[in-house]
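*Asks:* kindly return the folded structure for what I paste below:
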Amino acid sequence: MNATGSAFIRNETVSFAIDTRYLADRMREVVRDEPKAFAYGTGISLSAVYNYMNGRVPTTDVLFRIAKYTRRPMEWFLDPEFEEEPTKTKVSNGHESNMERFPFSSSDRPTLVQSDSQGRQYWETQ
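*Replies:* Numbering: from 1, shown residues only. Next up, the predicted model:
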């Protein structure tokens with residue numbers, strides 16, 4: 001099953017199809033055996049967590065919270081072809097380490113600028 005959507009980013013429309021089975025698989029992977037803890041940690045209701053694990057597509061702001069909580073890019077949940085590359089990070093002893101980290105710095109995180117009456121959301125980075 002696929003869901004379609006569109007995003008409006010700085011006056012550009014990007015259309016895409018979401019493979020809901022893939023999204024559900026990714027959600028089950030991050031929730032594992034702890035749906036209550038996941039719901040509490042993300043601020044999402046337990047019933048919504050189960051809905052997402054069964055293929056319902058979360059809104060952009062909810063998916064953003066899930067991505068932030070799991071420290072994974074939003075694309076990881078949506079795109080089967082997305083390959084996350086570990087980021088080389090200097091650790092305290094001066095050596096480089098491959099560590100997964102949230103892909104946005106605090107100043108880069110998208111913020112919701114506006115929502116219109118048709119449910120479209122407009123996001124912006126600083």
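
*Asks:* and the helices in this protein?
*Replies:* Applying DSSP state H to the chain gives helices spanning 20-31, 35-42, 46-53, 60-70, 74-78.

*Asks:* as JSON lines, the ones you listed with mean neighbour count and mean pLDDT would be great.
*Replies:* The C-beta positions use only the backbone N, C-alpha and C, and glycine is treated the same way. Below are the helices of the chain laid out as JSON lines (neighbours: other C-beta atoms under 10 Å; pLDDT from 0 to 100):
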{"stretch": "helix 20-31", "mean neighbour count": "18", "mean pLDDT": "94"}
{"stretch": "helix 35-42", "mean neighbour count": "15", "mean pLDDT": "93"}
{"stretch": "helix 46-53", "mean neighbour count": "16", "mean pLDDT": "96"}
{"stretch": "helix 60-70", "mean neighbour count": "17", "mean pLDDT": "94"}
{"stretch": "helix 74-78", "mean neighbour count": "18", "mean pLDDT": "91"}
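
*Asks:* surely Phe77 and Arg26 touch.
*Replies:* Yes: if you go by C-beta atoms under 8 Å, Phe77 and Arg26 touch, sitting 4.7 Å apart.

*Asks:* is Tyr52 in contact with Arg26, as I believe?
*Replies:* No: counting by C-beta under 8 Å, Tyr52 does not reach Arg26; the two are 9.4 Å apart.

*Asks:* and the pLDDT at Gly43?
*Replies:* Reported pLDDT at Gly43 in the predicted model: 93.

*Asks:* now the residue nearest to it when sequence neighbours are not counted: how far from Glu83?
*Replies:* Distance criterion C-beta to C-beta, 6 or more residues apart in numbering; nearest residue to Gly43, sequence neighbours excluded, is Arg65 at 6.6 Å. Distance of Arg65 to Glu83, given as C-beta to C-beta, to the nearest Å: 23 Å.

*Asks:* kindly report the same for Phe64.
*Replies:* 21 Å.

*Asks:* good, we can wrap up now.
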